[in-house]
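Q: what shape does this take:
(one chain, ligands or ions: 3)
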Amino acid sequence: MQEFGLKSSKSGLEDLGIKQVKEAHWNLSPAELTEEAVKNGEGTITDTGALMADTGEFTGRSPQDKFTVKDEKTQDTVWWGDINFPISSENFDALHQKMAAFLADKKVYVRDMHAGAHSKYRLNVRVVNTQAWHNMFCYNMFLRPTEEEYKNFQPNFTIINIPEFKANPAEDGTRQENFTIVNFTKRMILIGGTGYAGEMKKGIFSVLNYTLPHEEGVLSMHCSANVGEKGDTAVFFGLSGTGKTTLSADPNRGLIGDDEHGWSDDKVFNFEGGCYAKVIDLTREKEPQIYDAIRFGAIVENTRFQEGSRSVNYEDASVTQNTRTSYPIHHIDNALPQSIAEPPKNIFFLTADAFGVLPPVSKLTPGQAMYHFISGYTAKVAGTEVGIKDPVPSFSACFGAAFLPLHPTKYAEMLGKKMKEQNVNVWLINTGWTGGPFGVGARMKLPYTRAMITAALNGELDNVDYVQHNIFGVSMPTTCPNVPDEVLSPRNTWKDKEAYDAKANHLASEFVKNFAQYADFANEEIMAGAPKASADA
Ligand SMILES: Nc1ncnc2c1ncn2[C@@H]1O[C@H](COP(=O)(O)OP(=O)(O)OP(=O)(O)O)[C@@H](O)[C@H]1O
Ligand SMILES: O=C([O-])CC(=O)C(=O)O
Ligand SMILES: [Mn+2]
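A: Residues are numbered from 1 along each chain as shown. Ligands and ions are numbered 1, 2, ... in the order given. Here you go, the predicted structure:
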């Protein structure tokens, strides 16, 4: 086999069961990968120098096709069910062999990288790709080793990602032709039949969501994080599309990361080396930092050009609503170089409530915080996952159940303990609808949401009056700098108050129904954080 680039002297492709490839390109630079991607016909260059590529049939993750190998290591530790689907190690081994054989006449791009900015908890990840742009996605999204580290690199987890390789469900134990399979024993992830690059980053996130809490006592979180001038860290939990990336990019605060973090005894640290932002309707005016990050080295996915030019038309959703960009974190000016900071003083739960019920900013008691963390509510609108067009209420424990191999109460217990010990403020932010539900009202204006978060962080909401929401019980400030008072109470913003009460009661009942599955875990304090349907509505 022909090999190019900066290769580790410690281990090669044979160690991954790959005996033969046509060419292996090791650890190419973004410039080389951009060139390869264009030569291979994978993409084009935009007028700001970014690489534009399509993910193919899959424009989002496919949670139903994500499997975990059920074996001695995982059978009693993984939370099996409709999130963690089991597959046998025989199926895994057979697929692994087929994939390795498939590569015999292919050109591959191999990359060595780190996950976890805290040196104590770092994971060495090796990825094998058939598409150059995927390899560049990994350059952007994972932490980049130094030249010396490349030379001595030894992987302790590997991803083999071949979009062109399709499984045969009847034989391979998958649901369809596409699959993502995590094997904790062999320390390997196999991805096939899909070109959605996010499967790689979320695959490794799932791995860290197992190893860190289970083996290291570190809480892993689906959140963004940034830090103020005084070293005050804030973390922003939220499901896809709720604003983690958008709101963590704040010109007045250093960016730690936009999607995946760990909270150890002493630090909050990013798992990743870059950001993966939604770009639908992106404008420079609303999101200048993200807009300006889309330059040479960045990738834009599933976007289209303005007619007759090489400018990206961010309004074009003809391929998908889930258009994305990935860029290395240093494309954001005030990103912290080490991606690590002190434990948080403030925690925000972001929700995009398409029913327009939850207040745009409210403060939670510790019991309410636990209740909302375990609930993990948002309303799903068309976006990151396949097959969702109309908004639906969505509860995803810990704001990221899809990535959690362990039972959610494991993460909830760890968070609850940390919140209490460190006396953290917890806020609920509705970045979703106001003035009525989706279709009637409008999405909360981004400048208002930013102002609410800024006020909370600066202590400007410490000494204002609060009122309790009649059903959810959360405390709503009655004033907030740079936000009109009338926006702060959702009921005020609805023309039809009875319709509001009915919707609020309905949403409350959805919360209660969903929470029933955690009844064994919840104590009195947590249950006091539950919404209470009002009898007169
Ligand atoms: N008030 C608001 N607050 C936050 N985001 C808003 C608001 N109004 C509109 N948006 C839009 O909502 C989207 C939020 O997406 P963002 O990329 O921040 O989500 P995310 O939580 O990082 O999701 P993912 O985990 O999938 O990456 C952006 O497109 C942003 O422009
Ligand atoms: O993983 C992805 O494709 C995007 C993302 O951040 C999420 O869905 O939380
Ligand atoms: Mn995410």
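Q: ok, and for the longest helix along the chain, which residues are buried?
A: If you go by DSSP state H, the chain has its longest helix at helix 497-515. Across helix 497-515, burial judged by 16 or more other Cβ atoms under 10 Å covers 500-501, 503-505, 507-508, 510-511, 514-515. C-betas here are computed from N, CA, C, even on glycine.
Q: ok, then the element right after that helix?
A: Toward the C-terminus, helix 497-515 is succeeded by helix 524-527 as the next helix or strand (DSSP states H and E).
Q: tell me what that following helix is packed against?
A: helix 366-375 (3 or more Cβ pairs under 8 Å, 6 or more residues apart in numbering; DSSP states H and E).
Q: chain center to the helix it packs on, what's the gap?
A: 20 Å (Cα atoms, centre = their mean, to the nearest Å).
Q: next SSE after that helix?
A: Next element after helix 366-375 (DSSP H and E): strand 377-380.
Q: and the buried residues of helix 497-515 as a markdown table, adding distance to ligand 2 and pLDDT?
A: What follows is these, written out as a markdown table (distance: Cβ to the nearest ligand atom, whole Å; pLDDT from 0 to 100):
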| residue | distance to ligand 2 | pLDDT |
| --- | --- | --- |
| Y500 | 30 | 97 |
| D501 | 32 | 96 |
| K503 | 26 | 94 |
| A504 | 27 | 96 |
| N505 | 30 | 97 |
| L507 | 22 | 96 |
| A508 | 26 | 97 |
| E510 | 21 | 96 |
| F511 | 21 | 97 |
| N514 | 19 | 97 |
| F515 | 22 | 97 |
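Q: tell me which two in those are the farthest apart.
A: Y500 and F515 (22.3 Å; Cβ to Cβ).
Q: which stretches in the stretch 251-400 of the chain count as strands?
A: 254-257, 261-263, 268-270, 274-278, 299-301, 304-305, 312-313, 324-328, 340-341, 344-351, 361-363, 377-380, 392-395 (DSSP state E, counting those that start in this stretch).
Q: buried residues, the last one. List them.
A: Translated: strand 392-395. Quick answer for strand 392-395 (16+ other Cβ under 10 Å): 393-395.
Q: wait, is I429 part of a helix?
A: No - per DSSP: H, G, I helix; E, B strand; the rest coil, I429 lies outside any helix segment and is strand.
Q: looking at the nearest residue in space to F355 that is not next to it in sequence now. What's its pLDDT?
A: Closest residue in space to F355, ignoring its immediate chain neighbours: P437 at 4.8 Å, by Cβ to Cβ, 6 or more residues apart in numbering. Here, the pLDDT recorded for P437 equals 90.
Q: out of the strands of the stretch 251-400 of the chain, nearest to ligand 1?
A: strand 274-278 (3.8 Å; Cβ to the nearest ligand atom).
Q: relative to strand 324-328, how tilted is that closest one?
A: 160 degrees (axes from the mean of the first three to the mean of the last three Cα atoms, to 10 degrees).
Q: what distance separates strand 274-278 from the middle of the whole chain?
A: 9 Å.
Q: pLDDT score assigned to M1?
A: 81.
Q: gap between it and ligand 1?
A: 37 Å (Cβ to the nearest ligand atom, to the nearest Å).
Q: mind listing what that residue touches?
A: Taking Cβ atoms under 8 Å, 6 or more residues apart in numbering, we find M1 in contact with 13, 20-24.
Q: before we move on, what about T44?
A: Per Cβ under 8 Å, 6+ apart, neighbours of T44: 38, 51-52, 310.
Q: quick one, which of those are buried?
A: For these, buried by 16+ other Cβ under 10 Å: 38, 51-52.
Q: narrow those to those in strands?
A: 51-52 (DSSP state E).
Q: and the closest residue to ligand 2 within the chain, backbone torsions?
A: Proximity of the chain to ligand 2 (Cβ to the nearest ligand atom) peaks at G198, 2.8 Å away. The phi and psi values for G198, taken as degrees, to the nearest 10, are phi -60, psi -20.
Q: how about it: what's its closest non-neighbour residue?
A: Closest to G198 by Cβ to Cβ, 6+ apart is R61, at 5.4 Å.
Q: same thing with H222?
A: Among residues not flanking H222 along the chain, G400 sits closest, at 3.0 Å (Cβ to Cβ, 6+ apart).
Q: next one: T185
A: Using Cβ to Cβ, 6+ apart, the nearest residue to T185 is K73, at 4.9 Å.
Q: hang on, the one you found in a helix?
A: No - assigned with three-state DSSP, K73 falls outside any helix and is coil.
Q: for it, what are phi and psi?
A: Here K73 shows phi and psi, under degrees, to the nearest 10, equal to phi -70, psi -40.
Q: which positions within stretch 9-23 qualify as buried?
A: 13, 16-18, 21.
Q: which stretches in the stretch 1-150 of the chain count as strands?
A: 2-5, 23-26, 43-45, 51-53, 66-69, 85-87, 107-115, 123-129.
Q: packing partners of the longest one?
A: Taking 3+ Cβ pairs under 8 Å, 6+ apart as the contact definition, the neighbouring helices and strands of strand 107-115 are strand 23-26, strand 123-129, helix 132-141, helix 198-211.
Q: before we move on, what about the fifth one?
A: Using 3+ Cβ pairs under 8 Å, 6+ apart as the contact definition, the elements that strand 66-69 packs against are strand 85-87, strand 179-183, helix 198-211.
Q: partners of whichever helix or strand comes after the longest one, with directions?
A: Just to be clear, that refers to helix 198-211. With elements assigned by DSSP H and E, the helix or strand that comes after helix 198-211 is strand 219-221. Paired strands of strand 219-221, with direction, are strand 261-263 (antiparallel) (DSSP bridges).
Q: farthest-separated two in the buried residues of stretch 9-23?
A: Top of the distance list for the buried residues of stretch 9-23 (Cβ to Cβ): G17 and V21, 11.9 Å.
Q: related to what we said a few turns ago, adding distance to ligand 2, write the buried residues of strand 392-395 out as a markdown table.
A: A markdown table is the format used below for those (distance: Cβ to the nearest ligand atom, whole Å):
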| residue | distance to ligand 2 |
| --- | --- |
| P393 | 17 |
| S394 | 12 |
| F395 | 15 |
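Q: include pLDDT and distance to ligand 1 when you put the residues you listed into TSV, please.
A: Formatted as TSV, these follow (pLDDT from 0 to 100; distance: Cβ to the nearest ligand atom, whole Å):
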residue	pLDDT	distance to ligand 1
P393	93	17
S394	96	13
F395	98	16
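Q: ok, what's across the strand from A442?
A: T434.
Q: that one contacts G435, correct?
A: Yes - with contact defined as Cβ atoms under 8 Å, A442 counts as touching G435 (6.0 Å).
Q: more crowded one of the two?
A: G435 (18 against 13; other Cβ atoms under 10 Å).
Q: hmm, that one is touching K445, no?
A: No - with contacts counted by Cβ under 8 Å, G435 stays clear of K445, the gap being 11.0 Å.
Q: just to revisit the earlier point, what about the residue nearest to F355, distance to ligand 1?
A: 15 Å.
Q: residues from the stretch 301-450 of the chain in reach of ligand 1?
A: 384, 431, 443-444, 446, 449 (Cβ under 6 Å from any ligand atom).
Q: need these in TSV (columns: pLDDT).
A: Below are those laid out as TSV (pLDDT from 0 to 100):
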residue	pLDDT
T384	51
T431	98
R443	95
M444	98
L446	98
T449	98
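Q: of the buried ones among the contacts of T44, which is the nearest to I159?
A: L51 (20.2 Å).
Q: who touches the closest one in this structure?
A: Contacts of L51 by Cβ under 8 Å, 6+ apart are 34, 37-38, 43-45, 133, 136, 298-300.
Q: try it again with 7 Å
A: 34, 37, 43, 45, 133, 136, 299 (Cβ atoms under 7 Å, 6 or more residues apart in numbering).
Q: what bridges to it?
A: L51 forms beta bridges with I45, I299, as assigned by DSSP bridges.
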